[in-house]
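Q: A predicted structure for the sequence below; I have some questions about it.
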Amino acid sequence: MNPILKLTIILWVLYFVGIAVRVLGRAGFAIRNPINPIGSRWQFVKKNYDTILVRTLITSCGFHYWLGHPTAVSDMLAFIHSPLSFNIPVTGGTAPMIGYLSDQLLDSGVARIAHIPQLAWLTWLLRGQIPSFPSITPTEKE
């Protein structure tokens, strides 16, 4: 097997491990909450598999771009005329962190778009397009 292909596969697996850790963390918060009906982490994943898949697809586009362009962060900072230079190396240690943080950033980005007046049109445009995990509702646990 081509060593570059092997390394790429390993990086993708590690990226998905980072996303899995984030999802399991969310599931852990859900099952510990006394007013949430989710009884186990596996129930959380089964109930939200479609949301997890769509969010993973969205964040995977950024990861794929980063694999081919490791200087992407510095390029974006240069585009906005920032004096900072920040490169994230493509390694087995950074791939899971990118997986975890990309899902975290997607969560915070979707939550904050509605509160920025200049980006209010995105709320209308993206309405229902980027799924979020369900909010907690007061019901009995199963």
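A: Alright, I've got the coordinates.

Q: next one: whichever helix or strand H64 is part of to chain centre, how far?
A: For H64, the host element (DSSP states H and E) is helix 49-68. Averaged C-alpha coordinates place helix 49-68 at 7 Å from its chain's average position (C-alpha atoms, centre = their mean, to the nearest Å).

Q: Output the contacting helices and strands for that helix.
A: For helix 49-68, the packing partners by 3 or more C-beta pairs under 8 Å, 6 or more residues apart in numbering; DSSP states H and E come out as helix 3-32, helix 94-113. Heads up, the C-betas are built off the backbone N, CA and C, glycines and all.

Q: Stretch 58-74: how far from the chain's middle?
A: Relative to the mean C-alpha coordinate of its chain, stretch 58-74 is positioned 13 Å out (C-alpha atoms, centre = their mean).

Q: List the buried residues of that stretch.
A: For stretch 58-74, burial by neighbour count (16 or more other C-beta atoms under 10 Å) applies to T59, S60, F63, W66, L67, S74.
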